[in-house]
Structure formats: C-alpha cells, structure tokens
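all I have is the shape, not the residue letters:
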C-alpha cells in the first residue's frame, strides 16, 4: 500500500464519522516477516516529538472543542491538565435542560454494571483509528481528573471487525501492563499525529505477524520488556477480554465512536449532547441522577 493511499485513508477518517463500516487505517509499508524472538529484539527508545493540533490533521466534522493533545506525559497531557483546572464541579443531576431522545437515549433494558453500590459506571466506547476519539481524548482526560470519585470511568475498545479487534488487542495489552495512563494517548498520537497505524492490512486482510511486530516495537520503545510483551499480547486473558468487548459493542449498540454509556442505562455522544463541553455536563447530570436513585 503506498503512502499516498495511507494519507488518503487518514483524511477520509478525519472527515467521516467513525462508524462500524469505516475504512480501516493501513499501516506503513513494513514487510510481513515473522516476529523475531523476544530475546533478540532491540528497539531504541521512542524519539520525543511535538504533536500537531487536530486542525492540521483534517479536524473531524463536528469537532468543536478545538483542543489538541500535547506532548506525552506519564499521567495526563498539559491540555488535559489545563482543562481540568478550569472545569467546575459536576452539577447535581439537573436533567431539565436535556431532552431524552434528542440529547441521550435510554436503553429498553438496562445493562449490568461492574461498579459497587454507590458508584456510577461511565463507559467510553472508542476506536484507536477514529479521528473523533483522538480529538476528544484531551477532554476525556480532563473530565477523568475532575469527576467525583464515585464516577468510575471504563474505556471500552469497540470491536466490529478484524481491524478493530487488533486495535482493541493493543489496548488490552496496555491495560494488562498497567500502562493506560502512560500509553493510551500515546497510541492515538502514533496513529493520528505521526501517521503510523499499528494494524497492517495486506490483500484486504489483517497481516497478524506484521501487526504484532509493529506493536511489539512500539511497546519495547516505550519501556516494556520483551518478556512482558509476550506475557500480555496474545494470551487467554486477552482473548477473553476481546470476546467480552465484542459482545458489549453489540449490547450497548455502539455503531460509531466515540459514544458514552452511563450506568448501563443511557447512551449519548458528542453530537447528541451539542459539543464536547456539553457532553460531559450531560454525563455528569445523568451520573448524578443515577447515584441519587440508588
């Protein structure tokens, strides 16, 4: 696949909503060679590089916050920290300004949640290849820092096909390694700011060996040992998480990304809420309502 085609696909993703029929991002033209033995792999540390704002990456239609994801940090980006510092405390569940069916929808049957009594679960359905998810990530980080402790954020990588499955595998490997805070936003930057997707497509199918090689090099360059990579990338635990994520993608009706599920009862997104700022105001209101109802 040529670099011209790669750029074309990236531009299409930036302008189109990230739906389950979206074109898959292609990777750079790495050769599909077998993954080398862990002990023999040596990858230099990743070179720090400033991030271009979404406006320079063909900002997705409907993205209204205008924020960028800045250089990587171990916990949160400078933009997210700044937004968090200026974000007021969540309101007390006032839904009078929101319209059901317009700003959010209610599931006909509430889905089970994994949080204890007194807590409210908020799920972000995302896909690493989605430009909208990349643009929203600083807001998600900021909200995570400012939300009350009783709101529990859970990130859910959607699975619609073999491409999204491999991107989800990368997330679950990072999660198992305990490196979500450090590397989640960095994966977005690698794909959207640096134009280096991890999932390699050849002949209309995912090249599993080349994809694993790209992921392995990225993780090793970010401090993960070859042994830890082997213990977390293709394991029974990871496969089980992938099956669960695919099932939840269907049960939560996640047909595009990003989407937000509040306590297994309410579904919304940035467009329905009226923008990124209003999205998290709505999430806070729905969460407060649920906490008051328990």
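Cool, the structure landed. Predicted model, so just to flag it, every value in this text is computed and none were measured.

ends of stretch 249-260, what's the gap?
Its first and final residues considered, stretch 249-260 spans 12 Å by Cα to Cα, to the nearest Å.

separation between residue 108 and residue 123?
In this view, residue 108 and residue 123 are 18 Å apart by Cβ to Cβ, to the nearest Å. Placement of C-beta: from N, CA and C, glycine included.

residue 272 too?
Where residue 123 is concerned, residue 272 sits at a distance of 16 Å (Cβ to Cβ).

and if you look at residue 159?
14 Å.

again with residue 237
For residue 237, the distance to residue 123 - Cβ to Cβ - is 20 Å.

those two: which is more packed in?
Shown here are residue 237 and residue 123; by other Cβ atoms under 10 Å, residue 123 has more neighbours (23 against 11).

now do the same for the more buried one: helix, strand or coil?
strand (DSSP: H, G, I helix; E, B strand; the rest coil).

that one contacts residue 251, doesn't it?
No: Residue 123 lies out of contact with residue 251 (Cβ atoms under 8 Å); the separation is 10.9 Å.

what is the mean pLDDT for stretch 271-284?
On average, the pLDDT along stretch 271-284 is 96.

tell me which residues in it are buried?
Within stretch 271-284, the residues that count as buried by 16 or more other Cβ atoms under 10 Å are 272, 273, 276, 277, 278, 279, 280, 281, 282, 283, 284.

assumed residue 153 was part of a helix.
No: read with three-state DSSP, residue 153 is strand and lies in no helix.

what pLDDT does it get?
At residue 153, pLDDT is 97.

quick one, strands of the stretch 101-250 of the chain?
Here the stretch 101-250 of the chain has its strands, by DSSP state E, counting those that start in this stretch, at 105-106, 120-126, 151-157, 201-202, 205-206.
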